[in-house]
Structure formats: C-alpha cells, structure tokens
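K.L.:
Starting from these lines, generate the structure:
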Amino acid sequence: ARDAEAYRGWLDALAAAIGGARALVVLEPGAVPEAAEGCVAAGPREERYRLLAEAVDRLKRNPDTKVYLDAGYPAWIEDPADLAGPLRRAGLARADGFALNVSGFESDAAVRAYGARLSEETGGKHFVVDTGRNGDGPPPGGRGGGAWCNPPGRSLGTPPTDRTGDPLADAYLWVGRPGESDGTCHGGPAAGTWWPEYALGLSRRAHG
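P.N.:
Numbering: from 1, shown residues only. As a prediction, this is how the structure comes out:
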C-alpha cells in the first residue's frame with residue numbers, strides 16, 4: 001500500500017469480502033518479527049504496529065473471522081520474550097492468537113515448544129502452526145546461506161487439522177502453499193510461482 005490510508009482501504013475491502021463467512025486470517029506474515037528485530041525505523045515501526053492493531057479490530061468485527069498475528073518461527077526471534085511486547089502493540093489482546101512457522105520448516109515439536117513459551121509471555125494466547133513443508137524439519141544452515149529459500153530434501157508436514165493434541169495449538173494449517181517457489185534460488189522460478197517439481201518432491205518424501 002502506498003500509505004496508511006490505502007492500507008486501511010484495502011483491509012476494509014478484504015473484511016467486507018469475507019463478511020459473515022467462516023474464515024481464519026493469518027495477519028501479515030513477517031510484519032511483527034521484522035519490526036521486532038529492528039529492521040524498521042522507529043516511526044514506521046510504530047505506524048506498522050498501529051495499522052496491525054486496526055486490522056485486528058476490523059477483521060474481528062466479522063462474526064465468524066478468527067485472526068492470528070504472525071510471530072515468525074523459532075530460528076528468527078530466538079527468545080519469545082522479545083516478541084511479546086511487539087505482538088501486544090500489534091493488537092494481540094484482541095486477536096484469537098498468533099501464527100508460527102508460516103512458509104517455514106521448523107518441526108512440529110520445536111514450534112509447539114516455542115509456542116508454549118510465547119503463550120506464557122502473552123497471557124496464555126493460543127497459536128496455529130504452518131506445517132506445509134516441515135515434515136523433515138529445517139534444512140542445515142539456519143537462516144543464512146539460502147537455507148530458507150527452496151531448500152532441497154524437504155517434505156510435506158502434518159496435514160491440516162484442528163485436532164492437534166496440544167491444548168494451546170488451535171490448528172495445523174498449510175498457509176504457505178506447498179510447491180510455491182520462494183524465489184530464484186536452488187533452481188526455482190520467481191517467488192510465488194507454482195513449481196510442480198518441488199511440490200512433487202515434497203509429496204514423495206512425505207511420511208505416512
């Protein structure tokens with residue numbers, strides 16, 4: 001969006017389009033962790049938090065819309081306590097919870113443990129987990145070296161379900177569509193492009 005008013009207009013149109021339908025919105029993947037780690041200057045950072053809080057409020061006016069603020073993944077902001085304040089400023093108190101591992105590769109166990117710690121820091125908030133590509137856990141190399149951009153050898157994770165067996169985890173979801181390219185790394189097409197070969201590899205390596 002070119003400015004705050006344009007974002008508000010886009011958000012209002014999105015909420016109106018959802019209307020009374022049942023929906024779950026993972027709000028702005030990467031926005032809060034990016035701000036929390038200092039990648040955004042102070043003025044724009046506070047505006048970002050304010051706009052996210054407004055987005056939560058607008059979406060929650062819909063009768064059947066659940067809203068989860070994105071909180072990154074364990075290898076991004078390693079100490080969950082560093083996310084608690086930013087999430088609160090972004091409207092977490094009025095959201096249904098936070099989202100973890102969107103388009104990521106962290107294992108279910110690692111994400112649930114991280115989510116439990118972040119839940120403690122945020123007054124018991126629940127969370128959802130993106131399991132679309134985490135069946136074999138994270139690739140070597142951490143966040144550097146292109147390890148998080150179309151890494152080879154990964155597999156589909158737990159299929160989407162709201163039966164997680166974890167009282168804090170409301171659902172496992174495939175938020176980042178498995179098979180959608182992260183960018184032109186590891187031989188991939190442009191970011192967001194459907195990559196059938198990668199999708200097939202994820203499927204063939206899936207467990208169970």
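
K.L.:
make it CA atoms for all contacts and neighbour counts henceforth
P.N.:
Will do.

K.L.:
Against R58, how distant is L27?
P.N.:
Remark: distance between L27 and R58 (C-alpha to C-alpha, to the nearest Å) = 12 Å.

K.L.:
swap that for D170, sorry
P.N.:
Noted for D170: a distance of 22 Å to R58, by C-alpha to C-alpha.

K.L.:
In contact with A99, which residues?
P.N.:
V26, Y68, L69, D70, A71, G72, F127, V128, V129, D130 (C-alpha atoms under 8 Å, 6 or more residues apart in numbering).

K.L.:
Kindly apply the preceding question to V56 instead.
P.N.:
By C-alpha under 8 Å, 6+ apart, the contact set of V56 is L27, V67, G91, L92, R94, A95.

K.L.:
Give me the PyMOL select line for those, limited to the buried ones.
P.N.:
Only the buried members of the contacts of V56 enter the following PyMOL selection, criterion being 16 or more other C-alpha atoms under 10 Å:
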select buried, resi 27+67+91+92+95
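
K.L.:
Show me the two of the contacts of V56 that sit farthest apart.
P.N.:
Maximum pairwise distance among the contacts of V56 (C-alpha to C-alpha): 12.8 Å, between L27 and R94.

K.L.:
now the strands for this structure?
P.N.:
23-27, 65-70, 97-100, 126-130, 169-173 (DSSP state E).

K.L.:
closest one to I77 among these?
P.N.:
Smallest distance to I77 across the strands of the chain (C-alpha to C-alpha): 11.3 Å, for strand 97-100.

K.L.:
Now do that closest one: distance to the chain's middle.
P.N.:
7 Å (C-alpha atoms, centre = their mean, to the nearest Å).

K.L.:
how many neighbours does P140 have?
P.N.:
12 (other C-alpha atoms under 10 Å).

K.L.:
mind listing what the residue nearest to it when sequence neighbours are not counted touches?
P.N.:
With C-alpha to C-alpha, 6 or more residues apart in numbering as the criterion, P140 has its nearest non-adjacent residue at 6.6 Å, and that residue is A147. A147 makes contact with P139, P140, G141, according to C-alpha under 8 Å, 6+ apart.

K.L.:
what pLDDT does the spatially closest residue to A35 that is not a sequence neighbour get?
P.N.:
Leaving aside its sequence neighbours, A35 sits nearest to R45 (C-alpha to C-alpha, 6+ apart; 6.0 Å). Note on R45: pLDDT of 94.

K.L.:
before we move on, what about the one 10 residues further on?
P.N.:
At A55 the predicted local distance difference test score is 98.

K.L.:
and what of G208?
P.N.:
Per-residue pLDDT puts G208 at 69.

K.L.:
Having no further points to raise, I will conclude here.
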